[in-house]
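Visitor: please work out how this folds:
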Amino acid sequence: MIASGNEMSNCSTEFRVDLNDNSPLYMQVARKLIQDVRDGRYRVDQALPSERLLSDQLDISRVTARKAIDQLVDQGLVVRRRGSGNYVAPRIEQPLSSLSSFSEQLEQRGYRPGSQWLKRAVAIAAADEQLSLGLSANSRVARLERLRLADDVVMAYEVSVIPATILPRPEGVGDSLYAHLDKTGHMPVRALQHIRAMNASATLAEQLGIPEGKAVLFITRIGYLESGQAVELTHSYCRSDHYDFVAEMRRVS
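Guide: Numbering: from 1, shown residues only. Presented below is the predicted three-dimensional model:
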């Protein structure tokens, strides 16, 4: 495996085997690397130490180093690039109690949001879109289809549908749909969101850069104005290795 020239700049070498820990050594090393990532010693898309360099620095075998890195890959914290190395993956923790856009979520966590547009057009609303948005038959909608990016890494495939009366020119939307709606006075103030797991089809897997059949998070969101009018129907297909949803729960006495 080829090591990046700057892969060791932020690595912590403070590692001691915990003799009171019954877990395998590679798990201890994996936890140390996870803590390094969470402590910000590595930036998103920065290379981790190579197995050889990691084994030299921490005084462990290369097999142990490899198994430790495998744990980070399995948890979605690291992505493996053939012939290049292991890189810190972007990851979003989205609280379920607040309404925010994809771009806002990324910016709050220090990532650079972006969009790769696949389609921006006005069309007749499909039957399910009419129902979700409370539209009459033959109503027109703006349909926005894109890949959502974090620091140029594909995080999700997304389709948003907005009544054409609210968004007559979808080509004017930049990276943030919510920023555009805010400028026109149509920012959603509440939303209903449904989340379920599904297996990626061949087409979806190719778009997200994942194996066919891998689990993704399928999210449907309907956003509403203060008046109660539905203004947004969004279907998002999120990479499960890059996305976490966090809910705070309290016991009712």
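
Visitor: a helix runs through residue 32, doesn't it?
Guide: Yes. Counting by DSSP: H, G, I helix; E, B strand; the rest coil, residue 32 is part of a helix.

Visitor: pLDDT weak spots in the stretch 151-253 of the chain?
Guide: Low-confidence segments of the stretch 151-253 of the chain, defined by pLDDT under 70: 244-249, 252-253.

Visitor: mind running it again at 80?
Guide: 241-253 (pLDDT under 80).

Visitor: just the helices from it, written as ranges.
Guide: Using DSSP state H, counting those that start in this stretch, the helices found in the stretch 151-253 of the chain span residues 177-183, 202-208.

Visitor: what comes up buried for the first one?
Guide: By that I understand helix 177-183. Neighbour-count burial for helix 177-183, counted by 16 or more other Cβ atoms under 10 Å, picks out 177-178, 180-181. Just so you know, the C-beta spots here come from the backbone N, C-alpha and C atoms, and that holds for glycine as well.

Visitor: mind putting those residues into CSV with distance to residue 196?
Guide: Formatted as CSV, the buried residues of helix 177-183 follow (distance: Cβ to Cβ, whole Å):
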residue, distance to residue 196
177, 22
178, 23
180, 28
181, 26
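
Visitor: for the residue lying closest to residue 111 once chain neighbours are set aside, grab the count of nearby residues.
Guide: Spatial nearest neighbour of residue 111, chain neighbours left out: residue 150 (4.4 Å); criterion: Cβ to Cβ, 6 or more residues apart in numbering. When neighbours are defined as other Cβ atoms under 10 Å, residue 150 has 25 of them.

Visitor: distance of residue 150 from residue 225?
Guide: 28 Å (Cβ to Cβ, to the nearest Å).

Visitor: could you export stretch 70-87 as CSV, CA atoms only?
Guide: Output in CSV follows, covering the C-alpha atoms of stretch 70-87 (Å, rounded to 0.1, in the frame of the first residue of the first chain):
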residue,chain,number,x,y,z
ASP,A,70,-10.2,-2.9,9.0
GLN,A,71,-12.3,-2.0,12.0
LEU,A,72,-12.4,1.7,11.0
VAL,A,73,-13.4,0.7,7.5
ASP,A,74,-16.2,-1.5,8.8
GLN,A,75,-17.5,1.4,10.9
GLY,A,76,-17.5,3.8,7.9
LEU,A,77,-14.9,6.1,9.5
VAL,A,78,-12.3,5.3,6.9
VAL,A,79,-12.6,4.5,3.2
ARG,A,80,-10.0,2.3,1.4
ARG,A,81,-8.7,3.5,-2.0
ARG,A,82,-7.0,0.8,-4.0
GLY,A,83,-3.3,1.6,-4.6
SER,A,84,-3.5,4.9,-2.6
GLY,A,85,-4.3,4.3,1.0
ASN,A,86,-6.9,4.7,3.8
TYR,A,87,-8.6,8.0,4.1
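
Visitor: which parts of the chain are strands?
Guide: Per DSSP state E, the chain carries strands over the ranges 78-81, 85-88, 92-95, 113-124, 140-150, 153-163, 190-199, 215-224, 230-239, 243-246.

Visitor: about what we covered before: per-residue confidence at the residue nearest to residue 111?
Guide: Residue 150 is assigned 83 on the pLDDT scale.

Visitor: contacts for stretch 148-158?
Guide: By Cβ atoms under 8 Å, 6 or more residues apart in numbering, the list of residues contacting stretch 148-158 from outside reads 44-45, 79, 89-90, 92, 102, 106, 111-116, 144-147, 204, 207-209, 234-239, 242-243.

Visitor: tell me which two of the buried residues of helix 177-183 sit farthest apart.
Guide: The largest separation in these, counting by Cβ to Cβ, is between 178 and 180 at 7.2 Å.

Visitor: and for the closest residue to residue 66 other than its chain neighbours, the neighbour number?
Guide: Distances taken as Cβ to Cβ, 6+ apart place residue 51 nearest to residue 66, at 5.1 Å, with adjacent residues excluded. Neighbour count of residue 51, defined by other Cβ under 10 Å: 22.
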